[in-house]
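Asker: here are the coordinates; sequence isn't available:
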RNA sequence: GGCCCCAUGGUCAAGCGGUUAAGACGAGACCCUCUCAAGGUCUAAUCACGAGUUCGAUUCUCGUUGGGGUCACCA
């Protein structure tokens, strides 16, 4: 007669260590009361997902604000879906968002005493646990073929009963240790399943940090814990890793909630204390009137790289994610505009229970807000960083005269209510074109947006010529605008817009029309920041040259 | 379909048995103004429905409806 212990030894002849040995190798962390250990555990299957960034941001903050540990573990147990190099990329993208792990898988290296932090390198550890589970009779080999499993599912679906490998349908659950031993030694292919003792009819009480007390059906599924590639499934790897790595808080997407009973039973079977769980709602998107989870396939904004490539400041995205993470964040931010994110304490009870619709408008608003509050040098550097990778032409233009570019950025900046012109770095290129002589000279005069309905070329030339006779290099905006008003009166326009509106027939136009002609001449555009500020940046002589240039061109 | 989660304006949401039901984004209006971007002031817009508990329900309970998730040798 063979026992389960014999089966365990047959399957794992070379495993001599025990769970007890592992407990010694990975001792309990010595952290002070309340310190949380959290982790980001990505699969290396592509770029960083906006939803992952969201969850990670929360994990990171919870660890940091409690003086705990945040680490990264690479969940690379699905070799079929793995995209090589994406693990490194994930780390780099996280770094860009100032998420610096205390330990774990860091791309080119690993830091920390609880490794390895790549699941594909932890096979030995899982096997030790599985071996003990088999010896205890809580796991067993299952010899079902994929075809058998498919047939089972089909049959269950046909009979409208719950699908899955459980109870009566668990073909090898009742197989004796003797028979199992025989089948394994015959070389029949198998995988390892967990032996559940649960009943679907029983309810278990579980606590979720976000959702509170929940009543879920007990698990009765004999889930696969070791696949035929000898690697564990997510469920089992989660159990073992989060136990030995000392994770105290597991934050993950709410799609994991249905499998929570599995994890609870797994922890019980091992005799380990389960971590706290917090299931984060998914970020949603409106699609044809229906909500759905944002998906990398359909939604560009589901990839964090979308924001980076398009030149959104990372701070805008982070601020946005905080507003949907904690509903009191916006209020706090409005009262503490200059404080760092780290000064805000996030709490579980302010995390929404249902998924927010992704609001691009709000990100734009927050990005504008952020960029407007930066000083010119910082902004210049950020734009350069972006342009260096994504827009060489812009980079070259800025580098041709950094000081000049900074002057442009400084227009109406260092004041209480700074301009909000840019929502992303990429906006700068178009918005600042006319400041550059060569670009300005290349613009077709016919594209200038003069109001030809009201003013013909002769009148415009007359106005500009008159203006040139009065135009001088003054230092204050008031002085400058007085000149404009003076010219306004000289050419029979009204220097007061309100006055003009009351009595339109008496004048050819108003001071705004005059300013507009000058503006268009100098910038080629009808909408610009403060004209005087622009003249100051490009210089009096250049402004004069441009006006002359337009007078000539309009002949 | 089974199971689970969720439900306040267009969006994010405050509220935790009695409120004129906050605030932010967005929308609209007006003011300011040499245009724009802002800024200021204001407006419109929400408790999914039906029972029950209660003197009183947005709030508590149940049901209905709706939305979402999940049912793999993927995570």
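Answerer: Received, thanks. Predicted model, so just to flag it, every value in this text is computed and none were measured.
Asker: for RNA strand B, what are the nearby residues on the stretch 1-150 of chain A?
Answerer: For the stretch 1-150 of chain A, the contact set with RNA strand B under CB under 7 Å from any atom of the strand comprises A:41, A:43, A:75, A:77-78, A:81, A:144-146, A:149. For glycine as for every other residue, the C-beta is placed from the backbone atoms N, C-alpha and C.
Asker: Now which of the residues you listed would you call buried?
Answerer: A:41, A:43, A:75, A:77-78, A:144 (16 or more other CB atoms under 10 Å).
Asker: In JSON lines: these, plus pLDDT, secondary structure and distance to residue A:241.
Answerer: Below are those laid out as JSON lines (pLDDT from 0 to 100; DSSP: H, G, I helix; E, B strand; the rest coil; distance: CB to CB, whole Å):
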{"residue": "A:41", "pLDDT": "95", "secondary structure": "coil", "distance to residue A:241": "8"}
{"residue": "A:43", "pLDDT": "93", "secondary structure": "coil", "distance to residue A:241": "13"}
{"residue": "A:75", "pLDDT": "95", "secondary structure": "coil", "distance to residue A:241": "9"}
{"residue": "A:77", "pLDDT": "89", "secondary structure": "coil", "distance to residue A:241": "10"}
{"residue": "A:78", "pLDDT": "88", "secondary structure": "coil", "distance to residue A:241": "15"}
{"residue": "A:144", "pLDDT": "95", "secondary structure": "coil", "distance to residue A:241": "27"}
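Asker: returning to what we had before: which of the residues of the stretch 1-150 of chain A next to RNA strand B lies closest to residue A:19?
Answerer: residue A:77 (20.0 Å; CB to CB).
Asker: Could you check how far residue A:258 is from RNA strand B?
Answerer: Per CB to the nearest atom of the strand, to the nearest Å, residue A:258 is found 4 Å from RNA strand B.
Asker: if I pick the nearest residue in space to residue A:454 that is not next to it in sequence, what's in contact with it?
Answerer: Using CB to CB, 6 or more residues apart in numbering and skipping the chain neighbours, the partner closest in space to residue A:454 is residue A:509 (6.6 Å). The contact partners of residue A:509, by CB atoms under 8 Å, 6 or more residues apart in numbering, come to A:454-455, A:493-494, A:500.
Asker: Over to residue A:308?
Answerer: A:93, A:96, A:314.
Asker: In terms of distance to RNA strand B, which of the residues you listed ranks first?
Answerer: Nearest to RNA strand B among the contacts of residue A:308: residue A:93, at 16.7 Å, using CB to the nearest atom of the strand.
Asker: What are the structural domain limits within chain A?
Answerer: The record's domain parsing of chain A by automatic domain parsing lists A:4-17+A:123-280, A:374-431, A:440-553.
Asker: Quick check: residues of the stretch 351-500 of chain A near RNA strand B?
Answerer: Residues of the stretch 351-500 of chain A lying near RNA strand B (CB under 7 Å from any atom of the strand): A:352-357, A:359, A:361-362, A:365, A:368, A:412, A:417-421, A:477, A:481, A:497.
Asker: per-residue confidence at residue A:33?
Answerer: We have a pLDDT of 90 for residue A:33.
Asker: Also residue A:289?
Answerer: For residue A:289, the model assigns a pLDDT of 75.
Asker: That one and RNA strand B, how far apart?
Answerer: 9 Å.
Asker: Now that residue: phi and psi?
Answerer: phi 80, psi -10 (degrees, to the nearest 10).
Asker: gap between residue A:272 and residue A:75?
Answerer: According to CB to CB, to the nearest Å, residue A:272 stands 19 Å off from residue A:75.
Asker: The domains of chain A into CSV, with extra columns for distance to residue A:299?
Answerer: Putting these into CSV (distance: least, CB to CB, whole Å) gives the following:
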stretch, distance to residue A:299
domain A:4-17+A:123-280, 16
domain A:374-431, 18
domain A:440-553, 32
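Asker: hey, least reliable of these by pLDDT?
Answerer: Going by mean pLDDT, the lowest-scoring of these is domain A:440-553, which has a mean of 90.
Asker: How far off centre is that domain?
Answerer: Mean-position distance between domain A:440-553 and its chain equals 46 Å (CA atoms, centre = their mean, to the nearest Å).
Asker: what's near enough to touch the spatially most central residue of chain A?
Answerer: Closest residue to the average C-alpha location of chain A: residue A:50 at 3.6 Å, with CA atoms, centre = their mean. Under the criterion of CB under 8 Å, 6+ apart, the neighbours of residue A:50 are A:283, A:294, A:301-304, A:317, A:358.
Asker: Same question for residue A:499.
Answerer: Contacts of residue A:499 (CB under 8 Å, 6+ apart): residue A:510.
Asker: Look up how far RNA strand B lies from it.
Answerer: 11 Å.
Asker: and if you look at residue A:542?
Answerer: 18 Å.
Asker: For that residue, pull up the helix or strand it's in.
Answerer: Using DSSP states H and E, residue A:542 falls within helix A:540-553.
Asker: which outside residues touch that helix?
Answerer: Contacts for helix A:540-553 (CB under 8 Å, 6+ apart): A:437, A:440-441, A:445, A:448, A:460-461, A:464-465, A:467-468, A:471-473, A:518, A:520-522, A:535, A:538.
Asker: same check, this time on stretch A:248-265
Answerer: So stretch A:248-265 is in contact with A:35-39, A:51, A:55, A:58-59, A:62, A:68, A:194, A:196-198, A:204, A:206, A:208-209, A:216-219, A:221, A:223, A:235, A:238-239, A:242, A:274-282, A:355, going by CB under 8 Å, 6+ apart.
Asker: from those residues, which ones fall inside helices?
Answerer: Judged by DSSP state H, helices contain the following of the contacts of stretch A:248-265: A:51, A:55, A:58-59, A:62, A:235, A:238-239, A:242.
Asker: one step back: taking the contacts of helix A:540-553, please make a ChimeraX selection of just the buried ones.
Answerer: Selecting only the buried members of the contacts of helix A:540-553 in ChimeraX, with burial defined as 16+ other CB under 10 Å, works like this:
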select /A:440,448,460,461,464,467,471,518,520,521,522,535,538
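Asker: which helices and strands does the helix or strand hosting residue A:460 pack with?
Answerer: Assigned by DSSP H and E, residue A:460 belongs to helix A:457-470. The helices and strands touching helix A:457-470, judged by 3 or more CB pairs under 8 Å, 6 or more residues apart in numbering; DSSP states H and E, are helix A:477-490, helix A:511-523, helix A:540-553.
Asker: Taking helix A:477-490 as reference, get the angle to it.
Answerer: Here helix A:457-470 runs at an angle of 130 degrees relative to helix A:477-490 (axes from the mean of the first three to the mean of the last three CA atoms, to 10 degrees).
Asker: tilt between helix A:457-470 and helix A:511-523?
Answerer: Using the same axes, to 10 degrees: helix A:457-470 against helix A:511-523 is 80 degrees.
Asker: show me the contacts for the nearest residue to residue A:481 once chain neighbours are set aside.
Answerer: Sequence neighbours aside, residue A:532 is the residue nearest to residue A:481 in space, at 7.1 Å (criterion: CB to CB, 6+ apart). Residues counted as contacts of residue A:532 (CB under 8 Å, 6+ apart) are A:477, A:480-481.
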